[in-house]
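Peer 1: what follows is a predicted structure for the sequence shown.
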Amino acid sequence: MNRRHVLAASIAWLALAAPAFAQTTAGEIASPADTYAELFHQVQMRRLFPDGKTFVDATPKRPPDRILAAYRAHAAFTDAELKRFVTANFVVPQSPPAPPPSKDRTTLKAHIAALWPVLTRPPVTPVDGDSALPLEKPFVVPGGRFREMYYWDSYFTMLGLAADGRQDAVENMVDDFGGLIDRYGHIPNGTRTYYLSRSQPPFYFAMVGLADKTDKARFKQRLDLMRREHAFWMDGEKTLAPGQAYRRVVALPDGAILNRYADDRTTPRDESYREDVLTAREVTNRPAGDVFRDLRSGAESGWDFSSRWMADGKNLKSIQTTAIIPVDLNALLFGLETAIAQGCAHLTDAPCVAEFSGRAKARRAAMDAYLWDAPRGLYLDYQWRERARLDHPSAATLYPLFVGAASADQAKAVAATTRALLLAPGGLRTTTVATGQQWDTPNGWAPLQWVAVSGLRRYGEDDLAKTIGQRWLATVAREYQASGKMLEKYDVEEAKAGGGGEYPLQDGFGWTNGVTRALLDLYAAP
């Protein structure tokens with residue numbers, strides 16, 4: 001392709017992706033797509049780097065406006081010229097060295113303990129034009145391409161840190177997350193500017209549950225931050241009429257309020273820009289911006305991607321995340337409301353106790369009305385526009401048990417359904433359908449194992465909890481013996497390394513280490 005054709009192609013692509021270059025408003029922090037405009041577009045669409053996350057994590061060597069001016073002064077670039085321009089103007093992150101596999105196959109506990117220093121990063125002070133967000137204290141990353149601190153990953157990582165006596169690391173990360181709420185009003189998906197428009201499953205209250213509570217002033221500060229996070233998720237609740245939605249809240253026909261995942265932007269994800277543009281091009285019956293928001297919202301869910309979010313249950317181009325009221329999100333918000341009420345009781349703040357106890361009670365009633373399927377014996381996601389529960393059984397059904405939102409009878413039914421539909425030879429299935437997406441069968445994920453085990457134990461379903469926990473440990477141990485590695489996800493049908501998704505299988509791996517370490521304290525190693 002010659003330069004004239006390259007420029008023509010660029011203009012055509014920009015017509016689709018233009019909102020990415022014009023969306024920032026006063027006070028909004030620019031993402032790399034905003035900052036580097038058509039330069040960003042060209043780098044990502046031409047796939048100069050195999051991983052779309054590489055360029056968005058690059059650090060500029062000089063002021064961004066000068067880089068962009070130099071790019072615009074050049075009529076057009078071949079791919080080779082563009083690659084040279086980028087490497088001359090940015091420090092491009094290299095693939096980090098994988099955590100060293102255990103050569104002598106020490107015990108899982110010993111291997112995990114040895115990985116914590118490998119995955120720990122120092123405080124962050126970004127430079128102008130860098131996508132990193134500032135962090136004041138050391139933190140633990142998942143590993144691989146995930147170079148920064150992630151929201152829901154970190155709770156499960158902290159379980160292992162706590163089990164290994166690393167309370168210092170737990171406190172540091174709770175403080176870092178609190179600093180994010182204080183600075184931005186919420187915890188972003190991860191600590192990058194391109195993640196600021198969305199959050200992730202709200203586990204901050206559970207992190208605080210792992211932290212020290214003897215310092216009353218510190219506990220009150222964290223409780224205040226929990227209330228601020230709750231306000232973020234509930235923004236707009238008082239202005240909605242039944243059948244309406246705003247940001248992350250939905251008003252149901254009877255006036256009840258439940259929540260959805262909903263990224264605030266309608267542009268391709270910076271870190272998966274090319275993938276999102278190509279997905280949107282396949283959708284002919286919806287505006288591209290709607291598709292982009294649903295893809296982004298799928299990322300906010302943490303389940304990126306899953307048949308749960310697909311209208312046809314099969315194809316990513318049918319994604320409808322913002323039309324769905326998810327079981328797991330609302331269970332976690334019930335957990336947050338309950339934790340706030342309990343914290344306020346500890347501080348003898350009666351008005352706060354009354355408000356958040358009432359909120360939790362109302363949410364539980366709404367979950368029973370809209371998400372509980374008594375004949376099936378499980379919780380299901382709800383399509384609020386169509387006013388129908390979705391026939392997509394998944395491990396999310398165990399979240400109400402994890403936070404104590406289920407009745408004894410509901411928990412018993414969920415346990416039976418879990419054993420019948422979700423229990424696999426190597427642990428807990430994520431869903432019951434295979435789509436090639438990573439949050440579908442045959443993959444199993446560490447956080448879902450912990451939610452299930454913890455929730456089932458809470459309701460006295462100890463045998464099923466033990467079965468899930470021991471099968472998961474056996475899967476992790478089998479792969480560890482084969483490769484010496486801890487992986488991001490596993491195939492629980494064949495008890496081997498997992499697959500699928502937008503990027504290669506990562507090792508490291510923060511939440512697998514954390515959950516495995518915590519389970520080893522509950523159940524004997526295989």
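Peer 2: Alright, I've got the coordinates.
Peer 1: low-confidence ranges in the chain?
Peer 2: 1-27, 96-98, 102, 525-526 (pLDDT under 70).
Peer 1: can you rerun that using 50?
Peer 2: 1-26 (pLDDT under 50).
Peer 1: geometric centre of it: which residue is closest?
Peer 2: Taking C-alpha atoms, centre = their mean, the centroid of the chain lies closest to residue 302, which sits 3.0 Å from it.
Peer 1: counting by contacts, list what the strand or helix carrying residue 454 packs against.
Peer 2: In the assignment (DSSP states H and E), residue 454 maps to helix 446-458. Using 3 or more C-beta pairs under 8 Å, 6 or more residues apart in numbering; DSSP states H and E, the elements in contact with helix 446-458 are helix 151-163, helix 399-403, helix 408-417, strand 427-428, helix 462-483, helix 510-522. (Glycine included, C-beta is placed from N, CA and C.)
Peer 1: what angle do helix 510-522 and the fifth one make with each other?
Peer 2: In other words, helix 462-483. Put simply, helix 462-483 runs at 120 degrees to helix 510-522, going by axes from the mean of the first three to the mean of the last three C-alpha atoms, to 10 degrees.
Peer 1: contact partners of the helix or strand that helix 462-483 is followed by?
Peer 2: Using DSSP H and E, the helix or strand that follows helix 462-483 in sequence is strand 490-491. Residues outside strand 490-491 that contact it (C-beta atoms under 8 Å, 6 or more residues apart in numbering): 426, 427, 442, 443, 444, 475, 476, 479, 496, 497, 498, 499.
Peer 1: C-terminal to strand 490-491, what's the next element?
Peer 2: strand 496-497.
Peer 1: just checking: what are the partner strands of that following strand?
Peer 2: Sheet pairing of strand 496-497 (DSSP bridges) gives strand 490-491 (antiparallel).
Peer 1: how far away from the center of its chain is the strand it pairs with?
Peer 2: Here strand 490-491 is found 19 Å from its chain centre; the criterion is C-alpha atoms, centre = their mean, to the nearest Å.
Peer 1: ditto for stretch 458-477
Peer 2: Relative to the centre of its chain, stretch 458-477 is centred 24 Å away, using C-alpha atoms, centre = their mean.
Peer 1: ok, stretch 455-471 next?
Peer 2: Going by C-alpha atoms, centre = their mean, the spacing between the C-alpha centre of stretch 455-471 and its chain's C-alpha centre is 25 Å.
Peer 1: quick check: end-to-end length of that stretch?
Peer 2: Its start and end residues considered, stretch 455-471 measures 17 Å (C-alpha to C-alpha, to the nearest Å).
Peer 1: over to stretch 123-137?
Peer 2: Terminal residues of stretch 123-137 lie 5 Å apart, using C-alpha to C-alpha.
Peer 1: and if you look at stretch 310-323?
Peer 2: End residues of stretch 310-323 are separated by 10 Å (C-alpha to C-alpha).
Peer 1: contacts for it next, please.
Peer 2: Contacts for stretch 310-323 (C-beta under 8 Å, 6+ apart): 245, 260-262, 279, 282-283, 291, 293-295, 297-298, 300-301, 305, 307, 309, 383-386, 392, 433, 435, 437.
Peer 1: so which of these belong to helices?
Peer 2: Using DSSP state H, the subset of the contacts of stretch 310-323 located in helices is 279, 291, 293, 294, 295, 297, 298, 300, 301.
Peer 1: excluding its backbone neighbours, what's nearest residue 326?
Peer 2: Excluding the flanking residues, the one nearest residue 326 by C-beta to C-beta, 6 or more residues apart in numbering is residue 381, at 5.1 Å.
Peer 1: report the contact partners of the nearest residue to residue 422 once chain neighbours are set aside.
Peer 2: Leaving aside its sequence neighbours, residue 422 sits nearest to residue 429 (C-beta to C-beta, 6+ apart; 4.6 Å). If you count contacts by C-beta under 8 Å, 6+ apart, residue 429 has them with 395, 421, 422, 423, 441, 442, 444, 492, 493.
Peer 1: who's in contact with residue 132?
Peer 2: Neighbour list for residue 132: 57, 124, 126, 148, 191, 192, 193 [criterion: C-beta under 8 Å, 6+ apart].
Peer 1: out of those, which are buried?
Peer 2: 57, 124, 148, 191, 192, 193 (16 or more other C-beta atoms under 10 Å).
Peer 1: what would those look like in TSV with secondary structure?
Peer 2: Listed next are these as TSV, based on DSSP: H, G, I helix; E, B strand; the rest coil:
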residue	secondary structure
57	coil
124	strand
148	coil
191	coil
192	strand
193	helix
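Peer 1: pick the one among those residues closest to residue 63.
Peer 2: In terms of C-beta to C-beta, no member of those lies closer to residue 63 than residue 193, at 16.2 Å.
Peer 1: surely the closest one is in contact with residue 31?
Peer 2: Yes. Residue 193 lies in contact with residue 31 (C-beta atoms under 8 Å); the separation is 4.9 Å.
Peer 1: identify the contacts common to the two.
Peer 2: Jointly contacting residue 193 and residue 31 under the rule C-beta under 8 Å, 6+ apart are residue 131.
Peer 1: show me what contacts the closest residue to residue 374 other than its chain neighbours?
Peer 2: Excluding its sequence neighbours, the residue lying closest to residue 374 (C-beta to C-beta, 6+ apart) is residue 413, at 7.6 Å. By C-beta under 8 Å, 6+ apart, the contact set of residue 413 is 374, 377, 378.
Peer 1: among those residues, which are located in strands?
Peer 2: Counted as lying in strands by DSSP state E, out of these, are residue 378.
Peer 1: out of the contacts of residue 413, which are buried?
Peer 2: Buried members of the contacts of residue 413, counted by 16+ other C-beta under 10 Å: 377, 378.
Peer 1: just send the contacts of residue 413 back as CSV, with distance to residue 461 too.
Peer 2: Below are the contacts of residue 413 laid out as CSV (distance: C-beta to C-beta, whole Å):
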residue, distance to residue 461
374, 18
377, 13
378, 14
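Peer 1: closest to residue 164 out of the contacts of residue 413?
Peer 2: Distance ranking of those against residue 164, using C-beta to C-beta, places residue 378 first at 34.6 Å.
Peer 1: residue 397 is in contact with the closest one, correct?
Peer 2: Yes. Here residue 378 lies in contact with residue 397, judged by C-beta under 8 Å, at a distance of 4.3 Å.
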